[in-house]
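>>> build me a model:
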Amino acid sequence: MKPTELHTLLQDSILTSQPLISPYLDSPPKGSISDRVAIYTDGFYARLEEALMSDYSTLALVMSERTFSQMSRNYTHAYPSYNYSLNNFGENLSQFLRETLPYKKKPHLAEIAEFEWAEYQAIVARDAHLLSVADLQSLPLNQWPEMKFYLHPSCKVLIMHWNSLSFIKASRSNKSTPIPKKLKNPQFILIWRRQLEVLYRELDFTELTMLNAIIQEAPFMDICERLSHEMSEDEVANYLVRKLHEWIQENCFIKNSEQNY
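Numbers count the residues shown, from 1 in each chain. The predicted structure is shown next:
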């Protein structure tokens, strides 16, 4: 058998927990063939667990190390890693927790995972040319109605239906975690990167309306129209400009290549 075929058999043995490679291995001086394979299997899963632990350290604290370890093994079977890089290995964890027993009985776990993955994505998001207040000030008045705004690639808006953010805050402050509780009203969270720092903040419904319009690439006048349902028309323009200035200072907006400043 060719070395590449043996390599594939070993890989399949590790991923399926079946002794597919065993007939092609010699018995060691000590122990058994299964012990030899187990060394590679245990090392493989330990590395994957380590990768998940790195991306989801808060979730691991909430779940407990033992429970997280077992969950990571289950996740690996559901979403095997076939890539040499582990950068995106954990991208399906929130979906796995949301759909798989017994974890889906605790919906806050999936929301915590989604939060931490958004933080990781913010870290690795590409750099972009930031929009500045001076850029806005230099824009001719006749171009404002059709002006569109673009969020930094690191920006992500999350919706939480459980008190998951309380779990995150408590765990990261070494405080006792609360009892899981479904919120009366959804909680909206913006996650983004400012220079090298990943930040988050809660959004009120008006801010969410504004950001959703921006995500949908609505022009300035359309954003104003949507906000007019949240406040008087006289307040809309000032509110929108104030929020734009605020979020520009937080590095949330970027220039678009088609814009001329």
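>>> which residues touch the closest residue to Cys155 other than its chain neighbours?
Take Cys155 and drop its neighbours on the chain: the residue closest to it by C-beta to C-beta, 6 or more residues apart in numbering is Trp192, 4.5 Å away. Heads up, the C-betas are built off the backbone N, CA and C, glycines and all. When contacts are counted by C-beta atoms under 8 Å, 6 or more residues apart in numbering, Trp192 touches 122, 151-152, 154-156, 198-200, 250-252.
>>> let's see that with 10 Å instead.
Going by C-beta atoms under 10 Å, 6 or more residues apart in numbering, Trp192 touches 118-119, 122, 125, 151-157, 198-201, 247, 250-252.
>>> tell me the secondary structure for it?
Under DSSP: H, G, I helix; E, B strand; the rest coil, the three-state class of Trp192 is strand.
>>> tell me which stretches of this structure form strands.
Assigned by DSSP state E, the strands in the chain fall at 150-151, 156-162, 182-194, 197-203, 253-254.
>>> packing partners for the fourth one?
Translated: strand 197-203. helix 107-124, strand 156-162, helix 164-172, strand 182-194, helix 205-215 (3 or more C-beta pairs under 10 Å, 6 or more residues apart in numbering; DSSP states H and E).
>>> quick one, which of the ones you listed is nearest to Glu225?
Judged by C-beta to C-beta, the one of these that comes nearest to Glu225 is helix 205-215, at 9.0 Å.
>>> how is the chain carved up into domains?
Structural domains annotated on the chain: 1-56+65-91, 106-261, as defined by automatic domain parsing.
>>> rank those domains by mean pLDDT and give me the bottom one.
Mean pLDDT values for the domains of the chain show the minimum at domain 1-56+65-91, a mean of 71.
>>> point out the most buried one among the domains of the chain.
Mean neighbour count (mean count of other C-beta atoms under 10 Å) peaks for domain 106-261 among the domains of the chain, with a mean of 16.
>>> tell me how far that one lies from the chain's centre.
Remark: domain 106-261 is offset 15 Å from the chain centroid, using C-alpha atoms, centre = their mean, to the nearest Å.
>>> ok so, going back, quick one, which of the helices and strands packed on strand 197-203 is nearest to Arg47?
Closest among the helices and strands packed on strand 197-203, once you apply C-beta to C-beta, is helix 107-124, at 17.5 Å.
>>> how far off strand 182-194 does the closest one point, in degrees?
Here helix 107-124 runs at an angle of 10 degrees relative to strand 182-194 (axes from the mean of the first three to the mean of the last three C-alpha atoms, to 10 degrees).
>>> who are the packing partners of helix 107-124?
Against helix 107-124 (3+ C-beta pairs under 10 Å, 6+ apart) you get helix 33-55, helix 57-63, helix 65-78, helix 93-99, strand 156-162, helix 164-172, strand 182-194, strand 197-203.
>>> of these, which is nearest Val133?
Checked against C-beta to C-beta, the stretch from the helices and strands packed on helix 107-124 lying closest is strand 182-194, at 15.3 Å.
>>> quick check: neighbours of that closest one in the sheet, parallel or antiparallel?
Here strand 182-194 has these sheet partners by DSSP bridges: strand 156-162 (antiparallel), strand 197-203 (antiparallel).
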